[in-house]
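Asker: Could you look at this predicted model? Sequence included:
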Amino acid sequence: MEKKKVFKCVIDDGGRLGVGAISLVEFPATEENFIFLNEVKLASVNKERQMLYGPALIPNKYILRIDKNTGEEYYIYFDAETIAKCAHLYLKKNLQHNTTLEHEFSVMGCPVVESWIIEGEQDKAYHFGLTAPVGSWIVGVNVTDPEIWNEVKEGNVKGFSIEGHFNELAVTMTAVNIEAEIMREINDILAAIK
């Protein structure tokens, strides 16, 4: 049976590692698209809210990566404890304005204005129609840049992807174990939808 490398991403307690930016991307590594709130009625006035909500990180979600030097495929994941640390450090370090587009260049006018960890069945994320499991880090980004907002409305930007530095703890799993984890994730998502 083919073995795949799996790395658990962790951060230190000193705060030198963690998420440094959130990127607006077409194909998010979490495989979860964000939802965007286009209009909200305020009395008799319509105003675009221009808000994006979606998961920045999902606990125990295997994210496929390819080593640029060797071409070898491997997976990374974050547990719920690491995700909570990342979310808190991101705000403590005042990184809310660190936003990039497709991990290529910094953009202005897209700050993170809401940030929370899903804690239970009554979470606001589910009210928005998101299906991420408990322990996921959800962010709300207010897009005031008209060009970026147009990219969102055109469907060219569909989700969030984090940028950061992490320590990786190596684990080797067989392909069968990875498939079992993926099936568990699918079942968790289906249970959340019900």
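Answerer: That came in fine, so what should we check first? Numbers count the residues shown, from 1 in each chain.

Asker: Would you point out the helix or strand in the chain whose mean pLDDT is lowest?
Answerer: Within the chain, no helix or strand scores below strand 35-42, which has a mean of 45 by mean pLDDT, DSSP states H and E.

Asker: Just list the residues touching the residue minimising distance to the centre of the chain, thanks.
Answerer: Geometric centre of the chain, nearest residue: Ala56, 1.8 Å, by Cα atoms, centre = their mean. Residues in contact with Ala56 (Cβ atoms under 8 Å, 6 or more residues apart in numbering) are Val19, Ile22, Thr30, Ala87, Trp137, Ile138, Val139, Phe160, Ile162. No exception for glycine: its C-beta is placed from N, CA and C like everyone else's.

Asker: cool, Tyr77 as well?
Answerer: Counting by Cβ under 8 Å, 6+ apart, Tyr77 has contacts Val6, Phe7, Lys8, Cys9, Pro59, Asn60, Lys61, Tyr62, Ile63.

Asker: From what I see, Thr100 and Met108 are in contact.
Answerer: No: here Thr100 does not reach Met108: they are 10.9 Å apart, not a contact under Cβ atoms under 8 Å.

Asker: Could you tell me what pLDDT the model assigned to the residue nearest to the centre of the chain?
Answerer: Per-residue confidence (pLDDT) for Ala56: 90.

Asker: Please renumber the chain so that the first residue is 30 from this point on.
Answerer: Sounds good: first residue 30 from here, last item Ala85.

Asker: does it sit in a helix, a strand or a coil?
Answerer: Using DSSP: H, G, I helix; E, B strand; the rest coil, the structure places Ala85 in strand.

Asker: again, but for the one 3 residues further on
Answerer: Here Pro88 is coil, with the state taken from three-state DSSP.

Asker: just the contacts of Ala85: which has the poorest pLDDT?
Answerer: Lowest pLDDT among these: Thr59, with 64.

Asker: more crowded one of Thr129 and Met137?
Answerer: Neighbour tally, Thr129 and Met137, criterion other Cβ atoms under 10 Å: the higher count belongs to Thr129, 18 against 10.

Asker: Outside of stretch 116-124 itself, which residues are in contact with it?
Answerer: Outside stretch 116-124, the residues that reach it (Cβ under 8 Å, 6+ apart) are 40, 44, 47-50, 85-86, 125, 141, 144-146, 166.
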